[in-house]
Structures are given as structure tokens and as C-alpha cells.
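> Sequence first, then the predicted structure, then my questions.
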Amino acid sequence: MAAVRQDTARRKVVRDCVTLGAAVGASGLSFGAVAVAAGLSTLQACALSLLVFSGGSQFALVGVLGAGGSAAAGIASASLLGSRNLLYAVRLATLLRVPRSRRVVAAQLTIDETTAMSITAPAGLRDTAFWATGITIFTTWNLATLLGALGAAVFDTNAIGLDAAVGAAFLALLVPQIRDRRGARIAIGGALLAAAAVPVTPAGVPVIVAALAIVPAVLRR
Amino acid sequence: MTWIAIFATAAACFALKVAGWSLPVRLLDGERLQRAATLLPLALLAALVVVQTFGDGRSLVIDARAAGLAAAGVAVLRRAPFIVVVVVAAATAAVVRVLA
């Protein structure tokens, strides 16, 4: 009986993770389209999704390059955004049982959604949740990127409003992360710092300047 | 140039992920570090919203993208899926451009 119950629970976790993963991966369509609209080739868009595999960082790099920013500013914004994956990995390393031989693959799959699904899965099913979510998102995100990039190469991307899609994508990533007043204050602070920096710094730099918005909250005891 | 940026970003992002899986936990357990990592995306994502919506070279402008962002805001507050938010913003901006 216990084994049957365990099996049912496992199937539910897999179903939830695959559903969420496919929905998240589908947003690769917008990434592929936005990347091509920013001047990248289809191959470059696909390389980013395969090798970086972290939506926020990918959109950040493409946004900076598309606005005429330097490679250094693009790499810096993307890496700053990717730094949270380091802490996710620390957390997952203590929660999951991943053999050494699979660490590299697990590392590449360590992103917002795989972490969230693993942490919230029942104990004993966390490894299942991690791999089901990670493999689903990796597959769909990369396929969707290819389709989006091919689609954008056909259409006039500004006419269909793709330039407005980038800001919307960041807004959709931002809002769910604002959980309290402090979070809201930091988001507003970052937005104001970036706006103030736009006229006086090269493209890409305003985003890095905005990182200063967290300093008071981090220094406080 | 673009390829260099792609490979460097990939290397940096992968190194961060691998470091988390390999470094001793106590090195990264600091309360301040945790706080910084939780709060940093908020500041950066908000900055990216502003720059991508209102930035035009070195000036700030209000154009069809702002209308797209407003529509996206409504969609986000209604808990629409990511892809819907993005499509709503693009469609709104496109319509505003046609009307303008």
C-alpha cells in the first residue's frame, strides 16, 4: 500500500513539474524572437539558450547588445543576474542526492524553476522534481528558442512590437519576486538609479549601477 | 564580438552554478551574502524594465513601448503566464504604432 501511495505521489510530482516546465520553456519563443530582433543570428540565439540556460541572464545580455552596449557591460549584467543560481546550487547540494558524475548536468539545470519545484516537492521526491523540471525546461526552452528565432527572421519585428516585449519579459520575471515592502523599495530604487544613469553612462552600464540599490539593505544588521 | 560575449557569459554563468554545487557550504552561508543574492535580481530586473522600455540611446523617451509595458503590467497582476504577458505587450505596442 505504501509503495502504491508513493508511486501515485511520484506521478503527481512528475506531472506538475512537466506541466510547469513546458509552460516556462515555451517562453523561449519570445527569447529567440527578441534575440534575433536585437541583431543576433539564429545560431547565436540557440547557443545562448544551450550554453547559458538562464532566462534573466540571456535577456540581459541580448538587451545590452541590442541597445549598442559593450560586450563587457552585457557580460557583467548577465553574470550579476546569474549569481543567484550559485545560492540555489548551494541549497540544492544539501537537499538532493546527485552522484558526482551528474553534478555538471545538475549544475547547468540549476535555475529559478528547478530550485522552486525541488524545494517545494515532498521529501523523497525532490530529486524526481528536479530532474523532471530541468529536463522538460531544457528541451522546450531550446526548441522554443529555435522556433522564435526562425519566426523573427521572417517578420518585421518592430512592426509586431517585439521591442516592447523585452521590458515586459523583465517585468514578468520581476513581479513574482517582490514579496514584501523591502523588495518593492529595492525594485523602485534600482529603477530610479538606472533611469538616472541612462543619460550619463554607455548602454548596459545603467543596469550595473542599479545594483547599488541593494547596498543599504545588505549593510543593515 | 557577439560570439565572445556569448561564450564569456556562458562560462561565467556556468562557473557560478558549478561553484554552488562544489564549494563548502560554510563559505556561502553568510546571512548578508544570502540577502544580497535574494535582493540583487530585484534591482537588476527593475533596471532592465526601465532601460528596455524608456531607453533610447542616452535619452529617456515615452513611446509605444510604454503602452506595451502598461498592458504587460495589467497582465502580470492578473497572473497571466509569461508568454501571454510578452505577447500582450508586443501586440499593444504594435497597435499603438499603427494608430499613431
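Alright, I've got the coordinates. Computed from a prediction, not measured in an experiment: that's the story for all the values here.
> What pLDDT is listed against the residue nearest the centre of chain A?
Central residue of chain A (Cα atoms, centre = their mean): A:G55, 2.9 Å from the mean position. pLDDT, A:G55: 91.
> Mind checking the pLDDT average for the one helix or strand A:F31 maps to?
Element membership for A:F31, per DSSP states H and E: helix A:28-37. Helix A:28-37 shows a mean pLDDT of 92.
> and what of stretch A:89-107?
Averaging pLDDT along stretch A:89-107 yields 92.
> Please put the alpha-carbon coordinates of it into CSV.
C-alpha atoms of stretch A:89-107 as CSV (Å, rounded to 0.1, in the frame of the first residue of the first chain):
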residue,chain,number,x,y,z
ALA,A,89,23.1,25.4,-6.1
VAL,A,90,24.3,25.6,-2.5
ARG,A,91,20.8,24.9,-1.3
LEU,A,92,20.2,22.0,-3.8
ALA,A,93,23.5,20.4,-3.0
THR,A,94,22.3,19.8,0.6
LEU,A,95,18.8,18.7,-0.5
LEU,A,96,19.4,16.4,-3.4
ARG,A,97,21.4,13.2,-3.8
VAL,A,98,23.2,13.8,-7.1
PRO,A,99,26.1,11.4,-8.0
ARG,A,100,29.4,13.2,-8.7
SER,A,101,29.2,12.1,-12.4
ARG,A,102,26.0,14.0,-12.9
ARG,A,103,27.0,17.2,-11.0
VAL,A,104,27.9,19.1,-14.2
VAL,A,105,24.5,18.4,-15.7
ALA,A,106,22.7,19.2,-12.5
ALA,A,107,24.7,22.5,-12.3
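> And it, what's buried?
A:89-93, A:96, A:98, A:103, A:106-107 (16 or more other Cβ atoms under 10 Å in any protein chain shown). For glycine as for every other residue, the C-beta is placed from the backbone atoms N, C-alpha and C.
> Now do the helix holding A:F31: which elements does it pack against?
helix A:42-51, helix A:55-66, helix A:126-154, helix A:162-174, helix B:82-99 (3 or more Cβ pairs under 8 Å, 6 or more residues apart in numbering or on different chains; DSSP states H and E).
> least reliable of those going by mean pLDDT?
For those, where the average pLDDT is lowest is helix A:162-174, sitting at a mean of 88.
> the inter-axis angle of that one versus helix A:126-154?
For the pair helix A:162-174 and helix A:126-154, the angle between their directions (axes from the mean of the first three to the mean of the last three Cα atoms, to 10 degrees) equals 170 degrees.
> any idea of the angle helix A:162-174 forms with helix B:82-99?
Going by the same axes, to 10 degrees, helix A:162-174 is angled at 150 degrees with respect to helix B:82-99.
> Tell me how many other residues surround A:G148.
By other Cβ atoms under 10 Å in any protein chain shown, the residues close to A:G148 number 27.
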